[in-house]
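S.K.: How does the following fold in three dimensions:
(chains A and B)
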Protein chains: 2
Amino acid sequence: MAAAVATVQRPEAETVEEASNLQWPLPPEHRPSGAATRPGDSEDAPVRPLCKPRGICSRAYFLVLMVFVHLYLGNVLALLLFVHYSNGDESTDPGPQRREQSPQPVPTLGPLTRLEGIKVGYERKVQVVAGRDHFIRTLSLKPLLFEIPGFLSDEECRLIIHLAQMKGLQRSQILPTEEYEEAMSAMQVSQLDLFQLLDQNHDGRLQLREVLAQTRLGNGRWMTPENIQEMYSAIKADPDGDGVLSLQEFSNMDLRDFHKYMRSHKAESNELVRNSHHTWLHQGEGAHHVMRAIRQRVLRLTRLSPEIVEFSEPLQVVRYGEGGHYHAHVDSGPVYPETICSHTKLVANESVPFETSCRYMTVLFYLNNVTGGGETVFPVADNRTYDEMSLIQDDVDLRDTRRHCDKGNLRVKPQQGTAVFWYNYLPDGQGWVGEVDDYSLHGGCLVTRGTKWIANNWINVDPSRARQALFQQEMARLAREGGMDSQPEWALDRAYSDARVEL
Amino acid sequence: MAAAVATVQRPEAETVEEASNLQWPLPPEHRPSGAATRPGDSEDAPVRPLCKPRGICSRAYFLVLMVFVHLYLGNVLALLLFVHYSNGDESTDPGPQRREQSPQPVPTLGPLTRLEGIKVGYERKVQVVAGRDHFIRTLSLKPLLFEIPGFLSDEECRLIIHLAQMKGLQRSQILPTEEYEEAMSAMQVSQLDLFQLLDQNHDGRLQLREVLAQTRLGNGRWMTPENIQEMYSAIKADPDGDGVLSLQEFSNMDLRDFHKYMRSHKAESNELVRNSHHTWLHQGEGAHHVMRAIRQRVLRLTRLSPEIVEFSEPLQVVRYGEGGHYHAHVDSGPVYPETICSHTKLVANESVPFETSCRYMTVLFYLNNVTGGGETVFPVADNRTYDEMSLIQDDVDLRDTRRHCDKGNLRVKPQQGTAVFWYNYLPDGQGWVGEVDDYSLHGGCLVTRGTKWIANNWINVDPSRARQALFQQEMARLAREGGMDSQPEWALDRAYSDARVEL
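M.R.: Purely as a prediction, here's the structure:
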């Protein structure tokens, strides 16, 4: 007994309050009658001998005794079962936690599971497929990154590629339209304000790396030190040709020339941030049984709740041809109080200014062995400090996966069936999602030979615990009302329609 | 109801088995009689009308009904209370977990709490003193290291210093006796074996840093590149004077000359590994109320079980005079299957070869502001990799806190009342103690001006979960049998007698 009490983990504070108001739902026939619970009745009666011996031997007495003894034993057993299941049932199930959803009020969600990294190289044995052991190895602590070889079988990998090809892949990145660029150029920012925004080290001069750091200036094109200098000379912005713009040089520059240059200079696909094709494969109810099985396997791997995994993005399948790449990036954006998540915007106020995909985790599968290149690089993994300006130097930009993958801290070579997974957000200290982990910066290195196929399972969690709870409740309601395979899928389609275009 | 069930955390697998065998201990008078539970008895009786109406109105019937209704309600309430307390009671208590100890069998201990680091610079608010907020700041993730300003009040700091002075401090390190050195020199190891042991990079030559890395060769003296070269020239070991010994040069060396040199060369206290004075202050039952209060505060800070904190080492108070230092070291040794812990050796087989202090955590208090120097340095904190050989170079040994504190990654300046605390061991992935964290390497920098007073509260946990449980059980038994302040204190004295001499 004492041991059982000692090893029970402490639940959330909210649970305690609920537990103290706990009402065991007695079936009506078991409820004691009003008369029986009013002892005053018998005290008012005239004094008589307490017990007559012949009464105890009567048939009626025996029957009543029997009924109560059975009721009593039945209820004790029921309560013991309740104690047992409320404490222990979840861990007898090797799969992830089960949570029940009551429609009103929205329940508080339990803490998000986060695997312990322990140390780089640490290995643990897990069962994600019945009757088979897998090993999870810690690749880095910053970001918290793991690999698990053989997560998918070779046949599963081939099937996913086949399904993706049947559905058809689209270009992952297309250049913004001219209208968009014109809107950009029409945007009014004072040239001095812009200079101060760009001059991160406040030395009154714009180094190449300060311009490189503003990836958005490229507007989909990947900027290199060379093409910034080309642009400078084309619009005559840097007469002394030292690659550094003084405030004077910057003020003399006509920003319209810059935008004109960007419009006129057509970018090849290998000059973009991302050079690949992709498609999305449904994994919900009604999907191919292998797609369903993979989602269940991811659920076991991540040890998150079924609702979180089930209501996450579909599987993204990506093909990088020879010459393909994806420069280093983070999979999910920073979170401000005004930020909404793509997956929960159905239940959020849609007029807020910032939206991001809220990808708590990335689970990346390698679907084939790549003949040359195509590693996944984490340029700053486990660095002592994160400093964007030491990441981007005037001559070497570590984010550039076409040129500088060899200088990154950690590279994972694609191996068919292996999954790598990591957390894009730090914990918040309360068991939920905190800040974006800057160290999760990663990219796909240049494929020098052959084709590279990967798939991404992103696990979406809203940094607002309440909104995630509301979202899960709403999805469950839609599923009940519209049948398990119509409404939620529509909702997902709607939630990710932008993501599909954006990426 | 559903929410309460959903947020209950999953207990250990062991708990589940215990729960399924759970027997609710019914008091004997509540146990149903054998007759009542054998329904066969009544079935054998001759058939009679099931119920006589007048029986139901009888006094006897009413009394029996009343008794059972009350028993039933009482038991339902007791079970509900059990459900409530086994799920929720612990988190209503702001302090650490409570564990009950039953004498037989030894209970499995719950997971060890480990504060989340989140990221360097992360701050969290905690209540370790009633009615006052403190802030814990993450200083590094490797080791997992925090600081908490104002953990002790200035008066408490002064009192600890006063108590230590009254008790009297002893020199922290004395040179080994000649007998010990003679035993060392008599130890037979082939000279070739010794060379191969020292030649870590296997280049067939002994660099200075390879000799420096063998701190034990100094036998209590701190070795610097200079005094190794002095020794070489005194015993003519390195004729070409390049500071590197070839296998030839090493073979020509007479090890007896080395030992003779070490004996003849008397070391000053500033040439030792540690140059300080210290004493131990009791914190158990009967100790000064401030000492008791500090132990309770440490309990709240670490969120470990009261047994672990209560049965840990006494408080060590250390004085570093001007010129004092403590070269970088780890507070606890590596753990092999044969290793025993100083604190649990009472319940372990004492004939095993290795013993270490098993200090899961170090809580270090700064008792005064130091005029000059005296920082605590963590030379390799948050480095991407741990590599002893990059820590020790031929010219710069980062462990040397008299010379190279300025080159360490992290330095904490003493501030009266501030506590820093860290974990000396990594987790094992099962909620218990894993390997030693090499990154926990730390030292006390040279005190250049004034005196430095600190105190150490080490939290001892046996890496063997079963042995820690056995130890706690044994300590509880000793406390019951011998009165709370006689036996356990004796046991602690015995357990730490060696530690006091050794350090």
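S.K.: can we go C-alpha only for contacts and neighbour counts from here?
M.R.: Will do.
S.K.: So, low pLDDT: which residues of chain A?
M.R.: Within chain A, the stretches with pLDDT under 70 are A:1-58, A:61-62, A:76, A:79-105, A:176-188, A:349-350, A:483-503.
S.K.: From the centroid of it, which residue is nearest?
M.R.: A:Tyr360 (2.5 Å; CA atoms, centre = their mean).
S.K.: Can you check my assumption that it lies in a helix?
M.R.: No - counting by DSSP: H, G, I helix; E, B strand; the rest coil, one finds A:Tyr360 to be strand, located in no helix.
S.K.: Contact distance from chain B - what residues of the stretch 401-503 of chain A qualify?
M.R.: Contact residues, the stretch 401-503 of chain A versus chain B (CA under 8 Å from any CA of the partner chain): A:Leu426, A:Pro427, A:Asp428, A:Gly429.
S.K.: redo that, cut-off 10 Å
M.R.: A:Asn409, A:Leu426, A:Pro427, A:Asp428, A:Gly429, A:Gln430, A:Gly434, A:Glu435, A:Asp437 (CA under 10 Å from any CA of the partner chain).
S.K.: So which of those belong to helices?
M.R.: Among these, no residue falls in helices (DSSP state H).
S.K.: Quick one: buried ones out of those residues?
M.R.: Among those, those classed as buried by 16 or more other CA atoms under 10 Å in any protein chain shown are A:Asn409, A:Leu426, A:Pro427, A:Gly429, A:Gly434, A:Glu435, A:Asp437.
S.K.: ok, the last one - contacts?
M.R.: For A:Asp437, the contacting residues are A:142-144, A:330, A:332-334, A:386, A:423-427, B:118-119, taking CA atoms under 10 Å, 6 or more residues apart in numbering or on different chains as the criterion.
S.K.: any idea how far the closest residue to A:Gln472 other than its chain neighbours lies from chain B?
M.R.: Nearest residue to A:Gln472, sequence neighbours excluded (CA to CA, 6 or more residues apart in numbering or on different chains): A:Glu307, at 6.5 Å. Applying CA to the nearest CA, to the nearest Å, the value for A:Glu307 to chain B is 12 Å.
S.K.: go on, A:Glu474?
M.R.: A:Glu474 sits 16 Å away from chain B, going by CA to the nearest CA.
S.K.: what's the helix or strand harbouring that residue packed up against?
M.R.: Element membership of A:Glu474, judged by DSSP states H and E, is helix A:465-482. Helix A:465-482 sits against helix A:306-310, strand A:339-341, helix A:487-502, with contacts defined as 3 or more CA pairs under 10 Å, 6 or more residues apart in numbering or on different chains; DSSP states H and E.
S.K.: what residues does the helix or strand following the shortest one touch?
M.R.: If I follow you right, that is strand A:339-341. Next in sequence after strand A:339-341, counting helices and strands by DSSP H and E, comes strand A:354-356. Applying CA under 10 Å, 6+ apart, the contact partners of strand A:354-356 are A:331-343, A:345, A:462, A:499.
S.K.: what's the farthest-apart pair in the residues you listed?
M.R.: Longest distance between any two of the contacts of strand A:354-356 is 21.0 Å, between A:Pro337 and A:Ala499; criterion CA to CA.
S.K.: between the two, which one's more packed in?
M.R.: Neighbour count, other CA atoms under 10 Å in any protein chain shown: between A:Pro337 and A:Ala499, A:Ala499 has more, with 15 against 9.
S.K.: Would you quantify the distance from A:Met253 to chain B?
M.R.: From A:Met253 to chain B the distance is 41 Å (CA to the nearest CA).
S.K.: burial measure for that residue, as a count.
M.R.: 18.
S.K.: Tell me the buried residues in stretch A:219-232?
M.R.: Quick answer for stretch A:219-232 (16+ other CA under 10 Å): A:Asn219, A:Gly220, A:Arg221, A:Trp222, A:Met223, A:Thr224, A:Pro225, A:Ile228, A:Gln229, A:Met231, A:Tyr232.
S.K.: ok, which of those residues also contact chain B?
M.R.: Here nothing survives when these are matched to chain B using CA under 10 Å from any CA.
S.K.: Those in helices, which ones?
M.R.: A:Pro225, A:Ile228, A:Gln229, A:Met231, A:Tyr232.
S.K.: Nearest to B:Val67 among these?
M.R.: Of those, the one sitting nearest to B:Val67 (CA to CA) turns out to be A:Pro225, at 90.0 Å.
S.K.: Between its first and last residues, how far does stretch A:302-312 reach?
M.R.: 13 Å (CA to CA, to the nearest Å).
S.K.: for stretch A:171-189, same thing?
M.R.: Span of stretch A:171-189 from end to end, CA to CA: 33 Å.
S.K.: How about stretch A:404-413?
M.R.: For stretch A:404-413, the first and last residues are 15 Å from each other (CA to CA).
S.K.: Buried residues in it, which are they?
M.R.: Those would be A:His404, A:Cys405, A:Lys407, A:Gly408, A:Asn409, A:Leu410, A:Arg411, A:Lys413, for stretch A:404-413 by 16+ other CA under 10 Å.
S.K.: Using CSV, please lay out those residues together with distance to B:His202.
M.R.: Listed next are the buried residues of stretch A:404-413 as CSV, based on distance: CA to CA, whole Å:
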residue, distance to B:His202
A:His404, 33
A:Cys405, 31
A:Lys407, 28
A:Gly408, 29
A:Asn409, 27
A:Leu410, 27
A:Arg411, 28
A:Lys413, 30
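S.K.: Narrow those to those in strands?
M.R.: A:Leu410, A:Arg411 (DSSP state E).
S.K.: hang on, the residue nearest to the centre of chain A packs against A:Trp422?
M.R.: Yes - here A:Tyr360 reaches A:Trp422: they are 8.7 Å apart, a contact under CA atoms under 10 Å.
S.K.: ok, now how distant is A:Ile228 from chain B?
M.R.: 33 Å.
S.K.: show me what contacts that residue?
M.R.: Contacts of A:Ile228 by CA under 10 Å, 6+ apart are A:Leu208, A:Val211, A:Leu212, A:Gly218, A:Ala234, A:Gly243.
S.K.: Sort out for me which of the residues you listed are in helices.
M.R.: Of those, the ones assigned to helices by DSSP H are A:Leu208, A:Val211, A:Leu212, A:Ala234.
S.K.: quick one, phi psi at A:Phe68?
M.R.: phi -70, psi -40 (degrees, to the nearest 10).
S.K.: what sits against the nearest residue to it once chain neighbours are set aside?
M.R.: Nearest residue to A:Phe68, sequence neighbours excluded (CA to CA, 6+ apart): B:Phe68, at 6.8 Å. Applying CA under 10 Å, 6+ apart to B:Phe68 gives the contacts A:Val64, A:Leu65, A:Phe68, A:Val69, A:Tyr72, B:His30, B:Gly74.
S.K.: Thanks a lot, see you next time.
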